[in-house]
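Visitor: Here is the input, now give the coordinates:
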Amino acid sequence: MSQQAAPYTSGMGYRCYIASPARLASLEANNMPDFASMKYVILRKEIKLRGMFDYGKKLHMVARLEGHFRWMRAEHERGSATYQVRRLRERAKLMLTSKFKAESSRVSFTDLPGEMRNMIYDLALFDPFSGKSSEVEMEDSGDYAEAGNWVIPVSIVFFFLGDPVAHLPELRTLSVLNVIAALNKQLRQEVHTFFWSRIKVDLRPSVQPSCCSLVVQFLKKIGPHGRSALAGLSAYPVSARSPDHHHLNYQAMVTFLRECKNLQTFGLYLPIHMMMGPPDRMGMENFFLRGHPLSSPSMDHLVGVLHSLPQLRSARLQMDSSMVEGIHALSNHQRYPGFLRFAFSGVREGRLVQEFRTRLRARQDVEFQIMAPVDQVELYEEWLSQFPDERLP
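Guide: Okay, the predicted model is just below:
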């Protein structure tokens, strides 16, 4: 068979192609005819039969016919029910090996064995044609979605007062989930646990949002069963400058995270000034001005929650500098006094990040990645050697 790759030319469509039982059988078996061994006259006939009329040298026609077959094979896998039938046959074997003993008097769905109910949930919620994928762009996933990593675009609506409100896309999959969950309490718990335990969500806001507020809105939307089963969650803004000046959003987010007992991966855009709030003011003053150990209830709250999640395996926190192009993220907010802008600047901000990293890494079985500028975190002693008068009392 020729190894030369060539795109197909316009010709016979898929429906006409499978009208021939022989051609359909070759597609089912993925058995490409040996065009390279055919005589020139036969190749011309095959070209004409497929409506391509793309004659030429033998190697050219072989490449065209092979390209057309690959195209038909791809169309067959996408458009036919072969995958679904094969999947159902595999599941039938699992059903036949179930230890559940059927009784004629049992007719309720909830009387089915749990493994069979999960198979039904799987067929109802996930796309049976396209298989499992490592990443799914929700805007391109059609009516349904696959288990794996969900990249969800989020539109943000701003109001004159208050926080921006996140609007998640209306997904057919979530609609099916809500319909099943509305039947009764048992099914609501089962289907949410089944569904969210197979999903890792990556929230992608279209504009600068309050990341903590966005996570809070999402976790509130999926409910307690969804939170307890969710496998992964991350939220990063399009732009690096995405300040959240409402500490209550951070506190609410950490409270919801405590319920995510099945969370395996977590990622968040969280500069240190978004984490530290009014409860930490006195502790930072003592840390920077008096040399005391850092006392930070807000930092300890998040560290304690991340340490308490039994399934957590990795966490990535993007802690960008509060100074961007010479402008401080808090410079236009009068409720932040000069001390806080002082604390969240330069090497002082880096020392807070160091404290956070040290406390997180007390848990050894989780990979914690703290993404922060190197000159903030690593060069403090070098900075002191250059500017000894800047040493804090």
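Visitor: quick one: Leu306 and Val179, what's the gap?
Guide: Look at Leu306 and Val179: by CB to CB, to the nearest Å, they are 34 Å apart. (C-beta placed from N, C-alpha, C; glycine too.)
Visitor: element containing Ile370?
Guide: Taking DSSP states H and E as the criterion, the element that holds Ile370 is strand 367-371.
Visitor: Buried residues, that strand. List them.
Guide: 368, 370 (16 or more other CB atoms under 10 Å).
Visitor: now for that strand, which elements pack on it?
Guide: Strand 367-371 sits against strand 314-318, helix 346-360, with contacts defined as 3 or more CB pairs under 8 Å, 6 or more residues apart in numbering; DSSP states H and E.
Visitor: The chain - how does it break down into domains?
Guide: The record, using automatic domain parsing to delimit domains, assigns the chain the ranges 14-80, 112-390.
Visitor: Mean confidence (pLDDT) on the strand holding Ile370, please.
Guide: Per-residue pLDDT values across strand 367-371 average out to 89.
Visitor: Other residues contacting it?
Guide: The list of residues contacting strand 367-371 from outside it, by CB atoms under 8 Å, 6 or more residues apart in numbering, reads 306, 313-320, 353, 356-357, 360-361.
Visitor: where in this protein is pLDDT low?
Guide: 1-11, 78-107, 127-172, 206-210, 238-246, 321-339, 341, 373-393 (pLDDT under 70).
Visitor: Would you format the helices and strands packed on strand 367-371 as JSON lines with distance to Lys58 and mean neighbour count included?
Guide: Listed next are the helices and strands packed on strand 367-371 as JSON lines, based on distance: least, CB to CB, whole Å; neighbours: other CB atoms under 10 Å:
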{"stretch": "strand 314-318", "distance to Lys58": "55", "mean neighbour count": "19"}
{"stretch": "helix 346-360", "distance to Lys58": "66", "mean neighbour count": "20"}
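Visitor: Show me where the stretch 151-300 of the chain has its strands.
Guide: Under the criterion DSSP state E, counting those that start in this stretch, strands of the stretch 151-300 of the chain are mapped to 165-167, 199-205, 232-235, 265-269.
Visitor: Quickly run through the sheet partners of the last one, with directions.
Guide: Taking DSSP bridges as the criterion, strand 265-269 pairs within the sheet with strand 232-235 (parallel), strand 314-318 (parallel).
Visitor: May I see the buried residues of the longest helix along the chain?
Guide: If each helix of the chain is counted by residues according to DSSP state H, the longest one is helix 58-79. Of the residues in helix 58-79, those buried by neighbour count under the rule 16+ other CB under 10 Å are 61-73, 75-76.
Visitor: And that helix, what does it pack against?
Guide: For helix 58-79, where contacts count as 3+ CB pairs under 8 Å, 6+ apart, the packed elements are helix 14-17, helix 21-28, helix 40-49.
Visitor: Same list (the ones you listed) but as a markdown table, adding distance to Lys200.
Guide: Listed next are the helices and strands packed on helix 58-79 as a markdown table, based on distance: least, CB to CB, whole Å:
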| stretch | distance to Lys200 |
| --- | --- |
| helix 14-17 | 34 |
| helix 21-28 | 34 |
| helix 40-49 | 47 |
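Visitor: quick one, which of the ones you listed is nearest to Cys211?
Guide: Proximity of the helices and strands packed on helix 58-79 to Cys211 was assessed by CB to CB; the nearest stretch is helix 14-17, lying at 45.4 Å.
Visitor: which other helices and strands contact that closest one?
Guide: Contact partners of helix 14-17 among helices and strands, from 3+ CB pairs under 8 Å, 6+ apart: helix 58-79.
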